[in-house]
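>>> sequence unknown, structure follows:
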């Protein structure tokens, strides 16, 4: 049921992608070479994600997990709000997250998501640039996993979380850095005997944890 709830916002975002060019053409007044030529802009985004695994129960030793380097790519919409310097920036991204578990387990967990963050940005308009801070709640749906031995039903494909960060707009480019926390557990209880001892150890290690980490991205607005 949770997976089905994630389909609707994804479909609405795809419809928005098709509708934006017409809306942007109607609003654009021309004559300016700055990034903003209307209250609604569309851009393409690419970036790197440096994620690890967080667990919520007492006694977890974070040093037993190494950072995984993934990627993100997608489409960005920038909407000016009535308050000067404030912008609402929803996105539709493909994001790769993971964590490398060290020690006896020695396993890399990777999940790829279709993700829908909504960035609320507050910044200062300084003519040629705009520094800003942002708060970014997001939802997503896992579409790929690198754990073939364990069926999807033992993982939560639906994700939700929060990101906090900042960045800077220069001309048509936007550089943004955020720290994202996936909330809720990544794995469900795995009955004994379903998989081998190694994979049971992996699931026990994941426990109630989920992904967290740094995202660095660059967006170009048309």
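Thanks, I have the structure now. All values reported here derive from a predicted model rather than from experimental measurement. Residues are numbered from 1 along each chain as shown.
>>> check what pLDDT the closest residue to residue 157 other than its chain neighbours gets.
In this structure, residue 157 finds its nearest non-sequential neighbour in residue 142, 4.3 Å apart by CB to CB, 6 or more residues apart in numbering. Where you see a C-beta, it was placed from the backbone N, CA and C, and this is true even at glycine. With respect to pLDDT, residue 142 scores 97.
>>> tell me the contacts of residue 142?
Applying CB atoms under 8 Å, 6 or more residues apart in numbering to residue 142 gives the contacts 111, 112, 113, 155, 156, 157, 158, 159.
>>> which residues in this structure form strands?
40-54, 65-80, 86-101, 107-123, 129-145, 158-170, 173-183, 210-221 (DSSP state E).
>>> tell me the buried residues in the last one?
Taking 16 or more other CB atoms under 10 Å as the basis for neighbour counts, the residues of strand 210-221 that come out buried are 210, 211, 212, 213, 214, 215, 217, 219, 221.
>>> could you list the low-pLDDT ranges of the chain?
1-38, 56-64 (pLDDT under 70).
>>> so what pairs up with the residue nearest to residue 157 in the strands?
Assessed by DSSP bridges, residue 142 has beta-bridge partners residue 113.
>>> do you know how far it is from residue 219?
Residue 142 sits 24 Å away from residue 219, going by CB to CB, to the nearest Å.
>>> of all the strands of the chain, which one is nearest residue 197?
strand 107-123 (12.6 Å; CB to CB).
>>> starting at the chain centroid, how far to that closest one?
The chain centre lies 1 Å from the centre of strand 107-123; the measure is CA atoms, centre = their mean, to the nearest Å.
>>> check which residues of it are buried.
107, 109-117, 119, 121, 123.
>>> ok, back up a step: how about the strands of the chain in TSV, adding distance to residue 189?
Shown next, in TSV, are these (distance: least, CB to CB, whole Å):
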stretch	distance to residue 189
strand 40-54	18
strand 65-80	21
strand 86-101	19
strand 107-123	17
strand 129-145	17
strand 158-170	17
strand 173-183	19
strand 210-221	15
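>>> between these, which gets nearest to residue 204?
Taking CB to CB, strand 86-101 is the member of the strands of the chain nearest to residue 204, at 11.0 Å.
>>> who does that closest one touch, helix- and strand-wise?
Counting by 3 or more CB pairs under 8 Å, 6 or more residues apart in numbering; DSSP states H and E, the packing neighbours recorded for strand 86-101 are helix 2-27, strand 40-54, strand 65-80, strand 107-123, strand 129-145, strand 210-221.
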